[in-house]
Each structure stands twice: as C-alpha cells, then as structure tokens.
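Engineer: sequence-free structure coming up:
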C-alpha cells in the first residue's frame, strides 16, 4: 500500500486516469557465480533457463472477489502485448526457444548467439 502523502501516488493516479493502466517492465540481471565462468556459457544460460522455468511454474492460491478459490499463475500475470496470445518473455533463452535440449545441442553459445544476431532471418 502506498501512502497517499507521497507524490508518486498522485502522479501514478494522473497517469492511469489519462493514459490507461501503467505497465511495469520487470527485469532480472544475471551474473556468473564465478569470475572464471563467462556469462555467455552453456552453464550460465542453462541456470538462467532453470530459474525461468521455476518462476513460470509458480502457483499461488487466492480467494477472488466472489469468494471462490483460485490459483494465480505466471499466465495470469505476464505481459501479453497481443490479446489472446502468449506471454512476452524476453530472455537469452529465447534464442533456444527456451528448450534445454536445443541449448545443449547448439554448441558454443558465443558462436551460436553471434550467428543468431548477425545472420539475416
């Protein structure tokens, strides 16, 4: 709950009233646990994929406004720029379609990502 004495709340309210709901972009920044392991490595990207999958599988029970038991999931909360379509998740794992097998089979991530970023579709 935001204290209504803060100017943020008044600016937030004005923005919502004039421009519609305010969307926040949530970000996670990853670094390697060990300086000897490069950030762009299968080990680190694999760990990012593990964290991503864990976050996307969280389920939280709640009671809705009508008193019904419901379960909130990532699908309920994610950003959907196109109504009725899937969630927008921008992550390095997207270059592998968030598929662990593709990550492992694609070889050196530096070469793979360089090709993805420099070669035309």
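Structural biologist: Perfect, I can see it now. Because the structure is predicted, anything quoted here is derived from the model rather than measured.

Engineer: tell me which element the closest residue to residue 109 other than its chain neighbours is part of?
Structural biologist: Excluding the flanking residues, the one nearest residue 109 by CB to CB, 6 or more residues apart in numbering is residue 40, at 5.1 Å. The way it works is simple: take the backbone N, C-alpha and C, and place the C-beta from them, glycine included. Counting by DSSP states H and E, no helix or strand carries residue 40.

Engineer: quick one, phi psi at residue 40?
Structural biologist: Main-chain torsions, residue 40, degrees, to the nearest 10: phi -90, psi 80.

Engineer: got it, and residue 70?
Structural biologist: Backbone torsions for residue 70, taken as degrees, to the nearest 10, come to phi -130, psi 170.

Engineer: so it is in contact with residue 60, correct?
Structural biologist: No. Look at residue 70 against residue 60 with CB atoms under 8 Å: they stay out of range, at 9.4 Å.

Engineer: can you give me the mean pLDDT across the helix or strand encompassing residue 76?
Structural biologist: Using DSSP H and E, the element containing residue 76 is helix 74-77. For helix 74-77, mean pLDDT rounds to 86.
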